[in-house]
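Student: fold the stuff below for me.
(chains A and B, ligands or ions: 2)
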Amino acid sequence: MGAPFDYSYVFSFLPKLLSTLGVTMLIVAGSLLVGIVAGFLVALPRLYRIPVLNAFSMVYISFFRGTPILIQLFLFYYGLPEILKLVHIDLSRAPVMVFVILTYGLHTGAFMSEMIRASVTAVDRGQVEAAYAMGMKGHQAFLRIVLPQALAIAVPVFSNMVIALLKDTSLAFTLGLMEMTGKAQTLGNITQHFIEAYLALAFIYLVISFTLEKLLLRAERRLMRHEVPESAARKRFRVQEKLSYRRIIAGIRPEKGGAEL
Amino acid sequence: MIQLTDISKSYGKNVVLKSIDLTVNKGEVVVILGPSGSGKTTLLRCVNYLEKPNGGEIAIGDYRVQCKRATKKEIHELRQRSAMVFQQYNLFKHKTAIENVMEGLVVVKKMPKAEARLKSIALLEKVGLADKLDAYPSQLSGGQQQRVGIARALALEPEVILFDEPTSALDPELVGEVLAVIRKIAKEGITMIVVTHEMGFARDVANHVVFMDEGVIVEQGPPSELFHNPREERTKQFLKRITPELNYSI
Ligand SMILES: Nc1ncnc2c1ncn2[C@@H]1O[C@H](COP(=O)(O)OP(=O)(O)OP(=O)(O)O)[C@@H](O)[C@H]1O
Ligand SMILES: [Mg+2]
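Tutor: Ligands and ions are numbered 1, 2, ... in the order given. Okay, the predicted model is just below:
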């Protein structure tokens, strides 16, 4: 297939691919934003056991966790305009990017909501009682006691989620969006140097993943500074010890921040 | 003065507290004894409404709350008049010792930070932790954590401090340091209700001892009477069972 391997193409492809990095990062950033908002909205009914909304949250989570992201992309891209047509909203001119961010955002939101719920439940109830006992109000106890600790617990899971999302965005090319993977494909087609294009692409994803992971690790260290330094393995074990957390994390695919238990 | 009137509490069909009446005078140390499951923890937690009593009246100082129709605001007021020291310490794990003590002062009492800091330092000195101001709970021993817990309770200058088995999660060699701190503050005339199994402590420090069993107060009185001259059969049985402990306690 294609022209004989020539590594010099790898280097010449790098800057060309990087010219579309902005598109990929826009999908990641936009989806994270949508995902965090959706995640909170979906987690709240589960945390506070709000009857009807709770059921809705569960359906939402099952759908986005239980179906492939590719199918979700197609359903939203082709299906949503059809449904909205019924209520006379015309989406035929909406940019592909909108559908892509919406789909990835809602998809990430499902995992995000489980992360939020697990992290909040993992903060020990006794501290909340101590806060109430000293006369704090509900929102004070949540913002000052629960949230900072829940964030610290969530960061490693969040970090894995961002990296999974970054890699998932490579499917957006199937809708014709010219992000990095789409660009690589085009370059391959033009030059017939497919392998070189994908090698360059893999290298870029790797560097970004690595950088993101390091950055988020620093955030985690900062948020976790109240813990005595301990080995990463022990820390993960301790987090997983919490039963509620364990059950939920086990339901998240490993590449999305879950753990095999 | 703390006055509990006709406090009752049940979980479903399980009646845990049956019409409890208890009066604690200002400056008094009341120790609550009783077998496991008798409702001691539940009673303490009703006083600051961590558990909602099914009925009765709670009065702390001049503030009175009818349990059945207590509003959020009333519960909040009530909680500001008491403080609690927990069996599992329940320190805020993401805050240092001094931040734990300052938290209530700054957030609940709205005290300026600088002033709260000075006050917290003084309190941590009092419980013997002047050198641990900036340590996180995870860097402290159980005994040290519980002493931070006591300083945190003292900071709010509550009308009563509720202790729920403050030493029973501790290694035996750490019990003494915590009891010593509680003794010290008892001498300063702070009103306390203490659930404990430390009989030696109860005999020396309590002004008043309450024996509970199966959700009722079986007998109460000054320690000299309750320990040496119990009237009720159930009290005698209980004391006989834990008497060996008497010899070992501090
Ligand atoms: N949240 C709850 N839900 C249901 N039942 C409860 C709850 N909390 C306590 N109980 C029940 O109430 C009873 C009294 O419990 P409580 O913890 O007050 O006893 P205790 O005297 O403090 O015992 P211990 O000495 O073991 O601490 C027990 O039978 C317990 O099973
Ligand atoms: Mg108890």
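Student: go ahead and confirm B:Asn25 touches B:Met1.
Tutor: Yes. The pair B:Asn25 and B:Met1 passes the contact test of C-beta atoms under 8 Å, sitting 5.6 Å apart. For every residue, glycine as well, the C-beta is placed using N, CA and C.
Student: for the stretch 101-250 of chain A, which spans come out with low pLDDT?
Tutor: Applying pLDDT under 70 to the stretch 101-250 of chain A flags residues A:228-250.
Student: just the helices from it, written as ranges.
Tutor: A:125-133, A:138-140, A:147-168, A:180-191, A:194-223, A:232-241, A:243-250 (DSSP state H, counting those that start in this stretch).
Student: closest to chain B out of those helices?
Tutor: For those, distance to chain B was read as C-beta to the nearest C-beta. The smallest value, 3.9 Å, belongs to helix A:125-133.
Student: buried set for the closest one?
Tutor: Residues A:Gln127, A:Val128, A:Glu129, A:Ala130, A:Ala131, A:Tyr132, A:Ala133 are the ones in helix A:125-133 that count as buried (16 or more other C-beta atoms under 10 Å in any protein chain shown).
Student: quick check on the residue lying closest to the third one once chain neighbours are set aside: phi, psi?
Tutor: If I follow you right, that is A:Glu129. In space, and not counting its chain neighbours, A:Glu129 is closest to B:Leu50: 5.5 Å by C-beta to C-beta, 6 or more residues apart in numbering or on different chains. Phi and psi for B:Leu50, reported as degrees, to the nearest 10, are phi -70, psi -30.
Student: show me what contacts A:Val155?
Tutor: A:Leu216, A:Ala219, A:Glu220, A:Leu223, A:Met224 (C-beta atoms under 8 Å, 6 or more residues apart in numbering or on different chains).
Student: picking that back up, mind putting the helices of the stretch 101-250 of chain A in TSV, distance to A:Phe76 included?
Tutor: Formatted as TSV, those follow (distance: least, C-beta to C-beta, whole Å):
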stretch	distance to A:Phe76
helix A:125-133	39
helix A:138-140	35
helix A:147-168	14
helix A:180-191	18
helix A:194-223	24
helix A:232-241	34
helix A:243-250	26
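Student: for ligand 1, which of those helices is the nearest?
Tutor: Judged by C-beta to the nearest ligand atom, the one of the helices of the stretch 101-250 of chain A that comes nearest to ligand 1 is helix A:125-133, at 11.1 Å.
Student: counting neighbours, what do you get for residue 179?
Tutor: Just so you know, I chose chain A. By other C-beta atoms under 10 Å in any protein chain shown, 24 other residues sit near A:Glu179.
Student: ah, I was thinking of chain B
Tutor: Neighbours of B:Leu179 using other C-beta under 10 Å come to 22.
Student: and it, what element?
Tutor: For B:Leu179, the host element (DSSP states H and E) is helix B:172-187.
Student: tabulate the CA atom coordinates of whichever helix or strand comes after that helix in PDB.
Tutor: For helix B:172-187, the following helix or strand on the C-terminal side (DSSP H and E) is strand B:192-195. Extracted in PDB, the C-alpha atoms of strand B:192-195 (Å, rounded to 0.1, in the frame of the first residue of the first chain):
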ATOM      1  CA  MET B 192     -19.600  18.900  79.400                       C
ATOM      2  CA  ILE B 193     -21.600  15.700  78.600                       C
ATOM      3  CA  VAL B 194     -19.200  12.800  78.200                       C
ATOM      4  CA  VAL B 195     -20.000   9.300  76.900                       C
END
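Student: would the helix or strand harbouring B:Val65 count as contacting chain A?
Tutor: Under the criterion of DSSP H and E, B:Val65 resides in strand B:63-66. No. Using C-beta under 8 Å from any C-beta of the partner chain, strand B:63-66 stays clear of chain A, coming no nearer than 12.6 Å.
Student: and residue 154, what does it touch?
Tutor: Using chain A. Per C-beta under 8 Å, 6+ apart, neighbours of A:Ala154: A:Met115, A:Ile116, A:Ala118, A:Ser119.
Student: wrong one, I was asking about chain B
Tutor: Counted by C-beta under 8 Å, 6+ apart, B:Leu154 has contacts B:Ala83, B:Leu123, B:Lys126, B:Ile161, B:Ile185, B:Ile190.
Student: again with A:Tyr7
Tutor: A:Tyr7 touches A:Glu196, counting by C-beta under 8 Å, 6+ apart.
Student: ok, how many other residues are close to residue 224?
Tutor: All of this refers to chain A. Count around A:Met224 with other C-beta under 10 Å applied: 18.
Student: was after chain B, sorry
Tutor: Neighbours of B:Ser224 (other C-beta under 10 Å): 10.
Student: next one: it from A:Ile153, what distance?
Tutor: Noted for B:Ser224: a distance of 51 Å to A:Ile153, by C-beta to C-beta, to the nearest Å.
Student: from memory A:Leu177 sits against A:Pro95, does it?
Tutor: No. Assessed by C-beta under 8 Å, A:Leu177 is found out of contact with A:Pro95, at 9.0 Å.
Student: so which strand or helix has A:Glu82?
Tutor: helix A:80-86.
Student: list the contacts for B:His76?
Tutor: Counting by C-beta under 8 Å, 6+ apart, the residues that B:His76 touches are A:Gly135, A:Lys137.
Student: same check on B:Ile98?
Tutor: Contacts of B:Ile98 by C-beta under 8 Å, 6+ apart are B:Arg117, B:Ser120, B:Ile121, B:Leu124, B:Leu133, B:Asp134.
Student: so what does the strand or helix carrying A:Leu73 touch, helix or strand wise?
Tutor: Per DSSP H and E: A:Leu73 is located in helix A:69-74. Packing contacts for helix A:69-74, counted by 3 or more C-beta pairs under 8 Å, 6 or more residues apart in numbering or on different chains; DSSP states H and E, involve helix A:96-122.
Student: buried residues of the helix it packs on, list them for me.
Tutor: So for helix A:96-122, counting by 16+ other C-beta under 10 Å, buried means A:97, A:99-122.
Student: same deal with stretch A:59-71?
Tutor: A:Tyr60, A:Ile61, A:Phe64, A:Ile69.
Student: returning to that earlier point: so which of the contacts of B:Ile98 sit within helices?
Tutor: B:Arg117, B:Ser120, B:Ile121, B:Leu124 (DSSP state H).
Student: could you find the closest non-adjacent residue to A:Arg65?
Tutor: Of all residues not flanking A:Arg65 in the chain, A:Ala110 sits nearest, at 5.3 Å (C-beta to C-beta, 6+ apart).
Student: state the distance from the one you found to A:Leu177.
Tutor: A:Ala110 is 22 Å from A:Leu177, by C-beta to C-beta.
Student: neighbouring strands - and their directions - for the strand holding B:Val65?
Tutor: Note on strand B:63-66: by DSSP bridges, its sheet partners are strand B:55-60 (antiparallel).
Student: got a list of contacts for the partner strand?
Tutor: Here strand B:55-60 makes contact (C-beta under 8 Å, 6+ apart) with B:1-8, B:19-20, B:46-47, B:49, B:64-68, B:78, B:81-82, B:159-160.
Student: give the PyMOL command for selecting the buried subset of these.
Tutor: In PyMOL syntax, the buried subset of these is picked out as below (16+ other C-beta under 10 Å):
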select buried, chain B and resi 2+4+5+7+8+20+46+47+49+65+67+78+81+82+159+160
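Student: so which of the contacts of strand B:55-60 belong to strands?
Tutor: Among these, the members found in strands (DSSP state E) are B:2-8, B:19-20, B:64-66, B:82, B:160.
Student: from these, which single one is nearest chain A?
Tutor: Here the nearest of the ones in strands among the contacts of strand B:55-60 to chain A, counting by C-beta to the nearest C-beta, is B:Ser82; it sits at 7.5 Å.
Student: and the stretch 151-261 of chain A, which residues reach chain B?
Tutor: By C-beta under 8 Å from any C-beta, the residues of the stretch 151-261 of chain A that approach chain B are A:Ala152, A:Arg225, A:His226, A:Glu227, A:Val228.
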